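> structure of the sequence below:
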Amino acid sequence: MPDLKDCLIDAALTHVPFDGWSAATFRAAVADAEVTPAQARAAFPRGEVDLALAFHRRGDDRMMEHLQAEDLTEMRYRDRVARAIRVRLEIAEEDKEAVRRGVTLFALPIHAADGTRALWGTADAIWDSLGDTSVDVNWYTKRLTLSGVYSATVLYWLGDQSEDYRETWDFLDRRIDNVMQIEKLKAQARKSPVLSRLMAGPNMLLDRVRAPAKAPRGDLPGLWRDPS
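Numbering: from 1, shown residues only. As a prediction, this is how the structure comes out:
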């Protein structure tokens, strides 16, 4: 028996290109999936918004399954990150218009927080798939940086008309190279005696930052713990 949420998502995808992630799409999905409105609302209390978020999360889950089946051990870490983003977009390619409509939906101020959480969730899924073990402030900085790279790449991908999205993958490589340059500058700064003294206070505060508990993660804020 197919999962109720998957049934509604699949039913919605035939309507999203025409009506977006809208109330009309949600009603049509309910009718096409042959479920009652009460069942649909139990699965997606906020209707089309929760439906769009579930579609996004399903893409994340499929990406994680794909990455877990691949052997990435011989790749450089920056290439593993690029591979993960590419897999995520390749999974979304069949429903590219649904992604485009989702970007439009979550660009609205009323849904911006949901969109930010969805983006963060994708970055978190990628780092988890790549075996990230950060428990300090790096947990946040890695996901924040990757969120920026991923969101920029998605926007480029949506407008890319090149063969096999060659220009998108080149764009992605350039963005990752930019991040690597920043990390190199940060490493050099940490070796500077002057900057080390200037950053002693802020670093002491940052050392207190901890990643969210593994289960459940739930939301963005971390835990402020006394390192002693």
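> what about Glu162, how many residues nearby?
Slight slip there: residue 162 is Ser, not Glu. Other residues within reach of Ser162 by the criterion other Cβ atoms under 10 Å amount to 10. Where you see a C-beta, it was placed from the backbone N, CA and C, and this is true even at glycine.
> how would you label the residue most central in space within the chain: helix, strand or coil?
Central residue check for the chain by Cα atoms, centre = their mean: the C-alpha nearest the mean position is that of Thr122, 1.9 Å away. Following DSSP: H, G, I helix; E, B strand; the rest coil, Thr122 is assigned to helix.
> so how far is the helix or strand hosting Ser147 off the chain centroid?
Under the criterion DSSP states H and E, the helix or strand holding Ser147 is helix 137-158. Going by Cα atoms, centre = their mean, to the nearest Å, the spacing between the C-alpha centre of helix 137-158 and its chain's C-alpha centre is 8 Å.
> elements contacting it?
If you count contacts as 3 or more Cβ pairs under 8 Å, 6 or more residues apart in numbering; DSSP states H and E, helix 137-158 packs onto helix 77-92, helix 96-106, helix 112-129, helix 166-190.
> need the residues that contact that helix.
Helix 137-158 is contacted from outside by 81, 85, 88-89, 96, 99-100, 103, 119-120, 122-124, 126-127, 132, 134, 165, 167-168, 171-172, 175-176, 179, 206-207, 209, 211-212, 222, using Cβ atoms under 8 Å, 6 or more residues apart in numbering.
> stretch 18-38 too?
Contacts of stretch 18-38 from elsewhere in the structure, counted by Cβ under 8 Å, 6+ apart, are 4, 7-12, 14-16, 40, 44, 47-49, 51-52, 98, 101-102, 104-105.
> so which of those are in helices?
Secondary structure from DSSP state H places 4, 7-12, 16, 40, 48-49, 51-52, 98, 101-102, 104-105 of the contacts of stretch 18-38 in helices.
> give me the buried subset of those.
The neighbour-count criterion (16 or more other Cβ atoms under 10 Å) marks 7-9, 11-12, 16, 40, 48-49, 51-52, 98, 101-102, 105 among the ones in helices among the contacts of stretch 18-38 as buried.
> still on that earlier bit, mind giving me the PyMOL command for buried ones among the contacts of helix 137-158?
The command below creates a PyMOL selection of those among these that count as buried (16+ other Cβ under 10 Å):
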select buried, resi 81+85+88+89+99+100+119+120+122+123+124+126+127+132+165+168+171+172+175+176+179+209+211+212+222
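> domain parsing for the protein?
Listed by automatic domain parsing, the domain ranges of the chain are 1-45, 61-203.
> can you list these in a markdown table and add mean pLDDT?
Shown next, in a markdown table, are the domains of the chain (pLDDT from 0 to 100):
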| stretch | mean pLDDT |
| --- | --- |
| domain 1-45 | 95 |
| domain 61-203 | 89 |
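> which of those domains sits most buried?
When the domains of the chain are scored by mean count of other Cβ atoms under 10 Å, the highest mean neighbour count falls to domain 1-45 (a mean of 17).
> centre of the chain versus that one, how much separation?
Here domain 1-45 is found 23 Å from its chain centre; the criterion is Cα atoms, centre = their mean.
> just to revisit the earlier point, output the helix holding Ser147 as PDB, nothing but the C-alphas.
Output of helix 137-158 as PDB, limited to C-alpha atoms (Å, rounded to 0.1, in the frame of the first residue of the first chain):
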ATOM      1  CA  VAL A 137      30.200  25.700  15.800                       C
ATOM      2  CA  ASN A 138      31.500  24.000  12.700                       C
ATOM      3  CA  TRP A 139      28.200  22.100  12.500                       C
ATOM      4  CA  TYR A 140      26.600  25.400  11.800                       C
ATOM      5  CA  THR A 141      29.200  27.000   9.600                       C
ATOM      6  CA  LYS A 142      29.400  24.000   7.300                       C
ATOM      7  CA  ARG A 143      25.600  23.900   6.800                       C
ATOM      8  CA  LEU A 144      25.400  27.700   6.400                       C
ATOM      9  CA  THR A 145      28.100  27.700   3.800                       C
ATOM     10  CA  LEU A 146      26.600  24.700   1.900                       C
ATOM     11  CA  SER A 147      23.100  26.300   2.000                       C
ATOM     12  CA  GLY A 148      24.500  29.300   0.200                       C
ATOM     13  CA  VAL A 149      26.300  27.200  -2.400                       C
ATOM     14  CA  TYR A 150      23.300  24.900  -2.900                       C
ATOM     15  CA  SER A 151      20.700  27.700  -3.200                       C
ATOM     16  CA  ALA A 152      22.800  29.600  -5.700                       C
ATOM     17  CA  THR A 153      23.300  26.400  -7.800                       C
ATOM     18  CA  VAL A 154      19.600  25.700  -7.800                       C
ATOM     19  CA  LEU A 155      18.800  29.100  -9.100                       C
ATOM     20  CA  TYR A 156      21.400  28.800 -11.800                       C
ATOM     21  CA  TRP A 157      20.200  25.200 -12.700                       C
ATOM     22  CA  LEU A 158      16.600  26.400 -13.100                       C
END
